[in-house]
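# Let me see the structure of the following:
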Amino acid sequence: MKALLLALFTISTFHAYAQYANILSQRDQANVVDGILEDRLKNLLPALMRREGIDLWVIVSREYNEDPIIKTMLPATWMAARRTTMLMAFDNGKEVEFLAVARYDVGKLFKRAWEPDKQPNQWLQLAKLIEERSPKKIAINKASVWGHADGLSANDYDELIKVLPKKLQGQVVSAEKLGVSWLETRSPKEMILYPQICRIAHQIIAEGFSDKIIQPGVATTEDVVWFYREEIKRLKLDTWFHPSVEIQRKGNDESTVIHPGDLLHVDFGITYLRLNTDTQEHAYILKAGETDAPEFLKSALKKGNRLQDILTSNFKEGKTGNQILADARKQAIAEGITPSIYTHPIGYHGHAAGTTIGQWDMQSGVSGSGDYPMHLNTAYSIELNATVSIDEWKKDIRIMLEEDGYFDSTGFRYIDGRQTDLILIPKPMPNVK
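Next comes the predicted model:
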């Protein structure tokens, strides 16, 4: 019992001193999410609808079978669709009208447009509203490439077609490109928030990759993994995947116990204010007498950074993911780097909709999402690895890096910087030589 109490005291003391960027209360988070949503609907969606040539977008979703896109349009206090939730965005040429074919308003902008007492059939009310607006196109979330934009169920599609007048049935089109545009485009307000979200992720990684958590010779990779999971919950954040921690080391020892001389790798992400992060970094466990990582590991990391530079220098508006992949790989190989590139969009989803630049098992290109052109104001997880031969270990290692970045008219930038130095455990102290 005494040992348990000591352990609990140690953990609580550590948490009291852990320093992170400010994380908002649940109430304040909800206010921020709702404010961003209102701004996006008013100031972003109209331009996207006009760019994609869509004047009416219909989103239908049933409770517990939510469309991935409708989740990004619900107010923060709605955890899911309610019964059958129907949303309409109609561009009348002057402004976009937002309607909810529901028993109540959906958030601030989608206004209730159905009175069950007057018209008990919700589907017939939807059809009436569509017909009254005489749209040129009726866009629905039915998609062949991106699951994110394929949220209309088969049953709901059948119901919609059944109630639409024949003259309008031929105007039903896929909203795939509009849905992808909505999901991939980051607003100015979001990009004010995103650096701090990425900073929090970096800070949590640093806490786990420290001697506060790792006692060499005792701690295992799973200990660090579960620290990350518990810390995410303690901070009232979410994650979209279970983190992983791996070891690369000299020799063939496959033990998960962390030892001096090990090169650690983490894959970690959080969800905060509806935005996601995805980060991979490396740490080195100092051996007795060492104050820095070996030069051969520092040099290997530089090759990984160079591969990042090569990839992001090939970003260009209108260029497809497959073109970027091919050009980056060609340049990297010419420079003597052994590359593997699997970069993906990031935002409302971890593996988000948008321009895909390779997958780990598709280094010659990705059909569909890799053919999609890159647009401005989009965010990406720059995920890749460089295989490096380490003579001192008589083996190859992989420098596996992933950092979140943003692409706009000024070019590409990392949202909260990137790793250019190995994290050292324990961290050297300036007053101890």
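
# and Val58, what does it touch?
Residues near Val58 by Cβ atoms under 8 Å, 6 or more residues apart in numbering: 86-88, 126, 130, 138-140, 160. Where you see a C-beta, it was placed from the backbone N, CA and C, and this is true even at glycine.

# Surely Ile213 forms part of a helix?
No. Under DSSP: H, G, I helix; E, B strand; the rest coil, Ile213 falls outside any helix and is assigned coil.

# Find the nearest non-adjacent residue to it, please.
Phe227 (5.2 Å; Cβ to Cβ, 6 or more residues apart in numbering).

# what do you get for Glu383?
Nearest to Glu383 is Glu402, by Cβ to Cβ, 6+ apart, at 4.1 Å.

# what's the distance between that neighbour and Ile214?
21 Å (Cβ to Cβ, to the nearest Å).

# Spell out the residue ranges of the strands in the stretch 151-300 of the chain.
Using DSSP state E, counting those that start in this stretch, the strands of the stretch 151-300 of the chain run over residues 172-174, 244-248, 263-268, 271-272, 275-276, 279-285.

# quick revisit: so the residue nearest to Ile213 sits right up against Ser210, yeah?
No. When contacts are counted by Cβ atoms under 8 Å, Phe227 is not listed as touching Ser210 (10.1 Å).

# Correct me if wrong, but His344 is in a strand.
Yes. Per three-state DSSP, His344 lies within a strand segment.

# give the contact list for it.
His344 touches 278, 351-352, 354, 356-357, 380-381, 383, counting by Cβ under 8 Å, 6+ apart.

# Identify the bridge partners of Ile341.
Leu384 (DSSP bridges).

# OK, contacts around it?
Counting by Cβ under 8 Å, 6+ apart, Ile341 has contacts 307, 311, 325, 328-329, 357-358, 363, 383-384.

# ok, now Ile69?
Taking Cβ under 8 Å, 6+ apart, one finds 59, 141, 148-149, 151, 179, 182-183 in contact with Ile69.

# can you check Tyr342 too?
Tyr342 neighbours (Cβ under 8 Å, 6+ apart): 357-360, 362, 383-384.

# Can you say which of the strands of the stretch 151-300 of the chain is nearest to Lys42?
strand 275-276 (19.1 Å; Cβ to Cβ).

# from the contacts of His344, which is closest to Arg112?
Once Cβ to Cβ is applied, the member of the contacts of His344 that ends up nearest Arg112 is Ala352, at 31.0 Å.

# So that closest one is in contact with Glu184, correct?
Yes. Using Cβ under 8 Å, Ala352 is in contact with Glu184, at 6.5 Å.

# Could you name every residue contacting both of the two?
By Cβ under 8 Å, 6+ apart, the residues touching both Ala352 and Glu184 are Pro345.

# Give me the more crowded residue out of these two.
Shown here are Ala352 and Glu184; by other Cβ atoms under 10 Å, Glu184 has more neighbours (26 against 22).

# that older thread, please pick the buried ones from the contacts of Ile341.
307, 311, 325, 328-329, 357-358, 383-384 (16 or more other Cβ atoms under 10 Å).

# Identify the residues contacting the lengthiest helix in the chain?
Longest helix in the chain, counting residues (DSSP state H): helix 188-208. For helix 188-208, contacts defined as Cβ under 8 Å, 6+ apart pick out 18-23, 32, 35-36, 39-40, 186, 213-214, 224, 227-228, 231-232, 235, 237, 245, 266, 268-270, 272-273, 275, 277, 279, 281, 379, 404, 406, 415-417, 423.

# what does stretch 110-129 give?
Residues contacting stretch 110-129 (Cβ under 8 Å, 6+ apart): 58, 60, 73, 84, 86-88, 98-105, 159-160, 162-165.

# can you check stretch 426-433 too?
210-211, 286, 291-292.

# how far is it from where the chain is centred?
Using Cα atoms, centre = their mean, to the nearest Å, the mean C-alpha position of stretch 426-433 is found 36 Å from that of the whole chain.

# what do you get for stretch 174-190?
13 Å.

# repeat for stretch 173-184
The answer for stretch 173-184 is 17 Å, by Cα atoms, centre = their mean.

# Same question for stretch 245-252.
That offset, for stretch 245-252, works out to 28 Å (Cα atoms, centre = their mean).

# For the stretch 1-150 of the chain, which segments count as helices?
In the stretch 1-150 of the chain, the helices defined using DSSP state H, counting those that start in this stretch lie at 2-17, 26-43, 45-51, 122-133.

# Ranked by average pLDDT, which of these falls at the bottom?
Lowest mean pLDDT within the helices of the stretch 1-150 of the chain: helix 2-17, a mean of 41.
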